[in-house]
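Q: just coords:
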């Protein structure tokens, strides 16, 4: 992990989180602003830098959310970070985290003792990004369809995002997503991933609608 203060930026949800984390895993400044990064990113960064009495050039890196979440929000945050590391090369240590993995670590840190649990977030209509926890270990993220969610028998959690394509699964417990909980986790190295550039999460699954000559109707 970074040996100096890092700027944490998370634009994956309906609000923007920004904070400066020191090497002891404590917040020197943090803020959560309602709205998207287009309007809130730069005011949030200015606010936490002022509270921390730091400038961008004094940072040692960035922890950023790669998704899943608001595609526009994640891309705007990525563009800003890529600009800053070019203006201030000394800040170019980059670490990504995944919103589902962070949520899993928070649940585990709260002492849940279930054998298997599933956390899902919207991907598109009829499909979900899902992370399964087994034996207190988060697994990899897969795509689940509605049938798989309906058949799931264990604890089910739903991570709300900025734009939902569908209603949450009726049996799911809704999570409160708060990146500020990073400072409460015993080991960030379990889920932080060092990157050379800002990389955003993709399910890696593409589907294509077969074209027909018939007129499309609503």
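A: Right, received. Where do you want to start? From a predicted model like this one, the values you see are computed outputs, not experimental measurements.
Q: tell me, how many neighbours does residue 30 end up with?
A: The local packing of residue 30 (other C-beta atoms under 10 Å) involves 20 other residues. All C-beta spots, glycine's among them, are computed from the backbone N, C-alpha and C.
Q: name the helices or strands packed onto the host helix or strand of it?
A: Per DSSP states H and E: residue 30 is located in strand 27-34. Judged by 3 or more C-beta pairs under 8 Å, 6 or more residues apart in numbering; DSSP states H and E, strand 27-34 is in contact with strand 15-21, helix 37-52.
Q: as CSV, these with mean neighbour count, distance to residue 189 and mean pLDDT would be great.
A: Supplementary listing: the helices and strands packed on strand 27-34 in CSV, determined by neighbours: other C-beta atoms under 10 Å; distance: least, C-beta to C-beta, whole Å; pLDDT from 0 to 100:
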stretch, mean neighbour count, distance to residue 189, mean pLDDT
strand 15-21, 24, 14, 96
helix 37-52, 17, 23, 95
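Q: okay if I get those as CSV plus distance to residue 124?
A: Output for the helices and strands packed on strand 27-34, formatted as CSV (distance: least, C-beta to C-beta, whole Å):
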stretch, distance to residue 124
strand 15-21, 22
helix 37-52, 22
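Q: out of these, nearest to residue 164?
A: Comparison of these against residue 164 by C-beta to C-beta identifies strand 15-21 as nearest, at 14.8 Å.
Q: how about the residue nearest to the spatial centre of the chain, what does it touch?
A: Note on the chain: the residue nearest the mean C-alpha position is residue 99, at 2.9 Å, using C-alpha atoms, centre = their mean. With contacts defined as C-beta atoms under 8 Å, 6 or more residues apart in numbering, the neighbours of residue 99 are 10, 12-13, 65, 67-69, 121, 159, 177.
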